[in-house]
Structures are given as C-alpha cells and as structure tokens.
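[1] predicted coordinates and the sequence they were generated for:
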Amino acid sequence: MRIAFTYLPGFVTVVFRGMPIVWRGRHRLLLCWLIFIQAVHPGRHTLEEMARWTPTTVTAWRFGRLLKAMYWNVHLLVSWLAQELVATLPPPANGVLYLFGDGSHADKRGTKNPVAQKGRISQHHPWFFGLRFVLLMAAWDGYRVPVGFRLILPKRHIGYRSENALFREMVSAFIPPPWAQLVVVGGDAAYGSQANMRMVQDRDHADTARRWAFVFAIARTWKTVDEKTIKHLVTHVPHQYYQRTRVPREYASRGRRTFWTYHTRLGLRHVGDVTVILSKRGRNMGPKQTKILVTNLAELTPSQIVCIYQKRWAVEVLHWEMKSGLGLGEHQVSGDKHRSEKSIGIAVLAYLFVLRTCHHEIVPGKPWSIFQLQHALRLRVMTNQVEHAVKVQLGKPRKVA
C-alpha cells in the first residue's frame, strides 16, 4: 500500500460512535486515526512511520500526546469494543463460550523504559528484554476475540501484581453474552492454580444465568485429599490402562490428532472432586511427556476434554497475529507505564476493529487469519480514498483562461 490518506473513512467513525469516554479536544479523532492506521499500515508501526500516511494535521507528536493523556482508560475501550464485536458475530449452536488466558512479551530496545524487564519462558528458550503482558481471549466456532489484557509490571515496581492475579481480574470483569449457557475457563499449567479454580467455582455459584467450568493443565506436584501426589499417579499407571483418543484438528479442514488418555475421579486438596486426565502423544511415552488436565465437567469424555484444551492454541495464534500483522510493541514510547500500556492496547483495539469491519469475510468452518481480513480492509479503504480524491478534483472550480 503506497497511498496517503487525506480523510478518515465514514465507517471508521461509525464503529467508534458509541465510545464510553468523554474526550478532550481532538483526542477522539486522533484515536480513530491511530487505530485505523494501525490496522491498515503494512510497514513498521512506529508513530513516526504511521504519521507519514495521514493528513498534515495528524502528526506523530499528536499521537504521542494522545498516548500520554492520563484521563482515558484503554481497558474500558477494549472491553466495550469486544462486547460490540461479540454481539455482532453469529453465536454457536451449543451455547458454549471458551475463555483462555496466556502471557507473552513484546521486545524493546530502550533500557530506560520503567516497565521493561528481562526473562525467558523456560531454560530452553533465549532471554528477552521487553514488555510482558497477559491476554484474555474468548473463542467459539473458530472465532478468537481478545476481550482484555493487562501489563505485567516488574517485581521491583510498586504496583506489581502476579500474572495469575491479573488473569483472575480479567475473568471476573468479563461479562458473557446473553447466548452463553456454559463458560469454560482454561489455561496451561501456569494458570492451573488453586486460586484460579476457586475463582471459577465462585463465579459458577454467583451466576444463576449460566454455568461456569474450568479445564486447566496442572503441575505434577499437586496433592489429593489423601496427601498423595499426582506425580505417583502419572508414574505408576500401566501402559495398558491408556486408551487411544482421536481429536479433530483445530486449524485444519481434515485429519485428526491421536492421543493416549487415562482418566479418573480424584479429590484435589483445596479444590474438591474433579476429573483428572492424563494425556500423551504416544502410548509408550514416559511420564515426562504426559500432560495432566483437570476439570470439573464430570459429564464430558476424555476426548472432549482434550479437544477443549487444544483450543487454547488459538491464544498463541492471536499473539502471533498481533505482533506480525498489527505491530504490537513497535510504538517507540517510554516514560511511564501508562504509555506502554496504551501502546499495547492500541494493537488490541486495531485487531478488534479489523474483525468488526471485515467479519463477513470469515467463512464458517474454515480457517482464517487477520492478514486475510487486513487485505480486504486495505482494498476497501484504498477504493474509498481514490473515489474521494476524484470527487474532490471534479468539485474544484476550473480556471478560465
């Protein structure tokens, strides 16, 4: 795309017409411009680079002032736009909504950023330096919608909160759509904590309109009410007790994945009676390759539980799409945590905006990507820009010689 925009398309202002914030000055227009350019710009998503494709009155300095403003809350905008999008997309026939959380990071170079930190996912991954954040995603029928995010501050920061505490805050603040009859909260072993499971159980008791359940991977250090460690169950279950389970592939039109599973009912300490599923890719694989899943959905089969946990991979796809297609973390902002937090929120808002305007391009039952929707959006906005330029040229009075 090598075309500069001289006006903001009308459908952009229609999408953001009901924003729940009272804006000062021209900040509302600047925010619409920033989200719009973040969604359609194919190059680097720095403020200086994106400002080159906007009118002369919309500059990188004004974008920076918008991100610096303290009075508006980016989390409120993400929650509002996510609810608008969920209400627009077609609901599932079974009325099941999945909520998955996962953490990631955005690389940074400037060492003076007050919220940047170094770390690594595990001992097998390289070290990184950048911003850490946790994302909450709603999924159903192939759709993946980010409904919230939180910035993970360094432990030295006065406002530090753990990743699991931020995850519980987002799940507690999430308002399910009216069509959701069952909400399944899931995550990997990093989120399989007692506090997270009790939070879902408390939400199930408090919400009379629907049922809440969880599917988490847990560590093998968990203990039952009999003070027996889950590790012993993984180690001493004979191979012949595992059954072969075939699960449909999540992002493929055909084919299935094969797992070997063993399930039993146990009473976990501080949680209660749950179903524990031991899952591995091969029958003769050792205990180290065994995934431990726990759920309070006693009526589901091990195949259904493994299929639910496999949907968690959509969070990884979501992270990759926002980093590769929407330039998450490429804003060159520093100074305080609010600028960094809003720079991540702009990428989330751009993702929601692309889904909101181009969701009709998604074919039910077939895989899709944000790059496909961005291509359709760019064709639409470039056509509008050319038509607008032609109308302006035709409307100009001709000089009489």
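    Good, I have the coordinates.
[2] okay, now the domains of the chain?
    10-73+335-395, 219-311 (automatic domain parsing).
[3] take the ones you listed and write them to TSV, including mean neighbour count.
    Quick note: C-beta positions are derived from backbone N, CA and C, even for glycine. Listed next are these as TSV, based on neighbours: other CB atoms under 10 Å:
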stretch	mean neighbour count
domain 10-73+335-395	17
domain 219-311	15
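[4] and those as JSON lines, adding mean pLDDT and distance to residue 104?
    Below are the domains of the chain laid out as JSON lines (pLDDT from 0 to 100; distance: least, CB to CB, whole Å):
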{"stretch": "domain 10-73+335-395", "mean pLDDT": "90", "distance to residue 104": "10"}
{"stretch": "domain 219-311", "mean pLDDT": "87", "distance to residue 104": "18"}
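[5] turn these into TSV, columns for distance to residue 112.
    Formatted as TSV, these follow (distance: least, CB to CB, whole Å):
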stretch	distance to residue 112
domain 10-73+335-395	9
domain 219-311	37
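[6] so which of those domains comes closest to residue 154?
    Closest to residue 154 of the domains of the chain is domain 10-73+335-395 (CB to CB; 9.8 Å).
[7] okay, how far is it across the closest one, tip to tip?
    19 Å (CA to CA, to the nearest Å).
[8] out of the domains of the chain, nearest to residue 96?
    domain 219-311 (8.9 Å).
[9] run the chain-centre distance for that closest one.
    Domain 219-311 has its C-alpha centroid displaced from the chain centroid by 25 Å (CA atoms, centre = their mean, to the nearest Å).
[10] what's residue 5 sitting at in phi/psi?
    When read as degrees, to the nearest 10, the backbone of residue 5 gives phi -100, psi 130.
[11] the strands in the protein, which residues?
    For the chain, the strands defined by DSSP state E cover 96-107, 117-119, 128-140, 143-152, 182-187, 211-217, 243-248, 256-268, 272-280, 291-295.
[12] output these as TSV; include the columns distance to residue 354.
    Conversion of these to TSV gives the following (distance: least, CB to CB, whole Å):
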stretch	distance to residue 354
strand 96-107	19
strand 117-119	30
strand 128-140	15
strand 143-152	11
strand 182-187	25
strand 211-217	29
strand 243-248	27
strand 256-268	30
strand 272-280	35
strand 291-295	33
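[13] nearest to residue 330 among those would be which one?
    Across the strands of the chain, closest to residue 330 is strand 96-107 (CB to CB), at 8.1 Å.
[14] which neighbouring elements make contact with the closest one?
    strand 128-140, helix 163-173, strand 182-187, helix 313-325 (3 or more CB pairs under 8 Å, 6 or more residues apart in numbering; DSSP states H and E).
[15] which of those sits most buried?
    When neighbours are counted by mean count of other CB atoms under 10 Å, the highest per-stretch mean among these falls to strand 182-187, a mean of 24.
[16] contact partners of that one?
    Here strand 182-187 makes contact (CB atoms under 8 Å, 6 or more residues apart in numbering) with 94-102, 167, 171, 176, 196, 200, 210-217, 297, 308-309, 311-312.
[17] just the buried residues of the residues you listed.
    The neighbour-count test (16 or more other CB atoms under 10 Å) marks 96-102, 167, 171, 176, 196, 200, 210-217, 297, 308-309, 311-312 as buried among those.
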